[in-house]
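>>> dropping a prediction and its sequence here:
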Amino acid sequence: NAGVTQTPKFRVLKTGQSMTLLCAQDMNHEYMYWYRQDPGMGLRLIHYSVGEGTTAKGEVPDGYNVSRLKKQNFLLGLESAAPSQTSVYFCASSYSGGHQPQHFGDGTRLSIL
Amino acid sequence: RKEVEQDPGPFNVPEGATVAFNCTYSNSASQSFFWYRQDCRKEPKLLMSVYSSGNEDGRFTAQLNRASQYISLLIRDSKLSDSATYLCVSDTGTASKLTFGTGTRLQVTL
């Protein structure tokens, strides 16, 4: 009963390095989302996807790219990491979008030095 | 104005108490509402959906007031394990996204 799985769980990067966060869901959900959560800010939507092959910008997309080549996977990329991207990143999925609840992975804690 | 607003708390209550949280939303087109629970440094987990007629799940009751655009969560007979941050969530009026409040922190004490 995996649900939504995020890898890695923790990562420390140096400024300027790149990395990819992977989100995988086994619930056959159409919609997938990437959020970041910072103290006092709540969850902020970075990018989302309404189906395989689609992506769209959320509230805070700058500095991030995403891809949804397979329905079950949603990748979040940081091309040139900056200290301001230090955060906890959550992936979520839902069956059919805004009228359905979202199910979250357990997060990736990312520190950029 | 934030789309979903919550009192950040913390609400400190003794075990066994009843506690209620309110949340207001600004988008009159919102149709779907949820309460999530988030433990410290963990992922948000769905607590319950909020229906127009209100709904109850054990010690938890959720109510929706469309006229005043607010949602409430009532917790009866509070347990220590209820200590967490409670997130109020609404859809954005579109079919794609949800908006999360910043959360209300509850601390239940002996």
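Perfect, I can see it now.
>>> count of residues packed around B:Leu45?
One thing to correct before we go on: residue B:45 is Lys, not Leu. B:Lys45 is flanked by 14 other residues according to other C-beta atoms under 10 Å in any protein chain shown. Just so you know, the C-beta spots here come from the backbone N, C-alpha and C atoms, and that holds for glycine as well.
>>> apologies, that question was intended for B:Ser72.
17.
>>> gap between it and B:Tyr25?
Separation of B:Ser72 from B:Tyr25 (C-beta to C-beta, to the nearest Å): 12 Å.
>>> can you check A:Leu110 too?
For A:Leu110, the distance to B:Tyr25 equals 30 Å [C-beta to C-beta].
>>> quick check: residues of chain B near chain A?
By C-beta under 8 Å from any C-beta of the partner chain, the residues of chain B that approach chain A are B:31-32, B:34, B:41-46, B:49, B:87, B:89, B:91-92, B:94-98, B:100-103.
>>> for residue 92, give me its contacts.
Reading this off chain A. Contact analysis of A:Ala92 by C-beta atoms under 8 Å, 6 or more residues apart in numbering or on different chains lists A:4, A:32-33, A:35, A:102-105.
>>> wrong one, chain B
By C-beta under 8 Å, 6+ apart, the contact set of B:Thr92 is A:98, B:3, B:27, B:30, B:98-99.
>>> show the pLDDT at residue 107.
All of this is about chain A. Note for A:Gly107: predicted pLDDT of 97.
>>> wrong one, I was asking about chain B
At B:Gln107, the model reports a pLDDT of 97.
>>> can you pull out the strands in chain A?
Assigned by DSSP state E, chain A shows strands spanning A:4-7, A:10-13, A:19-25, A:31-38, A:42-49, A:56-57, A:64-67, A:73-78, A:87-94, A:103-104, A:108-112.
>>> do stretch A:98-109 and chain B meet at all?
Yes. Stretch A:98-109 lies within reach of chain B by C-beta under 8 Å from any C-beta, at A:98-107.
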